[in-house]
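S.K.: Kindly return the folded structure for what I paste below:
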Amino acid sequence: MNDLASCFDHIYGNGLWGKELFSGPGSWHAPLVAAYVDTTFSFLESEGLSGKCKAIDLGCGDFNIGSRIARKCESIWGIDISAKIIEYCRHAHERNGITFSCEDARTFTPQPCDVIFIRQVFQHLSNEDIQLILANISDSCRYIMVTEHLPWERFTANINIESGTPHTRMALGSGVDIMQPPFEHSFTPFRETLNYYGFNGNILTNVYRNQGPASS
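M.R.: Have a look, this model is predicted:
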């Protein structure tokens, strides 16, 4: 087990986001969850992907939101670096069309897919690790849908933090914006699908289209 896996096993095993094996209130707050799911379904419908989408839920956590999105997917593969949370997901959610594996998103081999969902994952990672993930998934998907928790007002993007803490850049007055330095990748802005004000900030979801090999 690598150090980052140990960090997230510790977070999930000790309930540092609220309770044991829990992805935190941002994955369970009913109005936010409903808004995210509705706008995701609208996006899939608009792109002709509803019911036939092949998806990856990267950093799937407890899969509370992923389990709802799965209704509009042909298949969805949940990955997380924490073996503890993947074991929980397999028992709670795995069935035909829904699979899980314990993977390090910086190095795993992604299956070709239509969409990779990345919900409030980057905010817990260093810039170096975010860049590794963006590079790693660049040949595998048509779209990525990225959700990040950002400060209310104007902020300095991408202040670096150490990977694997339960905290985010919010305490530093910062948040992750993959379109700003230091990140380099093949994704371009496609559509903002949700701008939700809550949790002392702004929870923003953007879809990015892959301009690299996977989009051809």
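
S.K.: Could you tell me which residues within the helix ranked longest in the chain count as buried?
M.R.: Among the segments of the chain that qualify as a helix by DSSP state H, the longest is helix 30-46. Across helix 30-46, burial judged by 16 or more other C-beta atoms under 10 Å covers 32, 35-37, 39-40, 43-44. All C-beta spots, glycine's among them, are computed from the backbone N, C-alpha and C.

S.K.: how about low-confidence regions in this structure?
M.R.: 1, 213-216 (pLDDT under 70).

S.K.: tell me the centre residue of it?
M.R.: Centrality entry for the chain: nearest residue to the mean C-alpha point is Ile118, 1.7 Å, by C-alpha atoms, centre = their mean.

S.K.: Identify all residues paired with it through a beta bridge.
M.R.: Taking DSSP bridges, one finds Val146 as the beta-bridge partners of Ile118.

S.K.: Please name the residues that touch it.
M.R.: By C-beta atoms under 8 Å, 6 or more residues apart in numbering, the residues touching Ile118 are 58-59, 144-147.

S.K.: correct me, but Ser186 touches Ile178?
M.R.: No. Applying C-beta atoms under 8 Å, one finds Ser186 not in contact with Ile178, separated by 11.3 Å.

S.K.: So if I had to pick from those two, which one is more boxed in?
M.R.: Each of Ser186 and Ile178 has its neighbours counted (other C-beta atoms under 10 Å); Ile178 has more, 22 against 17.

S.K.: picking up where we left off before, which of the contacts of Ile118 sits closest to Ser23?
M.R.: The shortest distance between Ser23 and any of these, using C-beta to C-beta, involves Gly59 and amounts to 9.0 Å.

S.K.: May I have the phi/psi pair for the closest one?
M.R.: The main-chain torsion angles of Gly59 are listed as degrees, to the nearest 10 and equal phi 70, psi 50.

S.K.: Show me where this protein has its strands.
M.R.: Ranges of strands in the chain, per DSSP state E, are 53-58, 73-80, 98-102, 113-119, 141-150, 156-157, 174-175, 187-198, 201-210.

S.K.: for the ones you listed, which one sits closest to Leu16?
M.R.: Evaluated over these, closeness to Leu16 peaks at strand 73-80, with 15.1 Å, by C-beta to C-beta.
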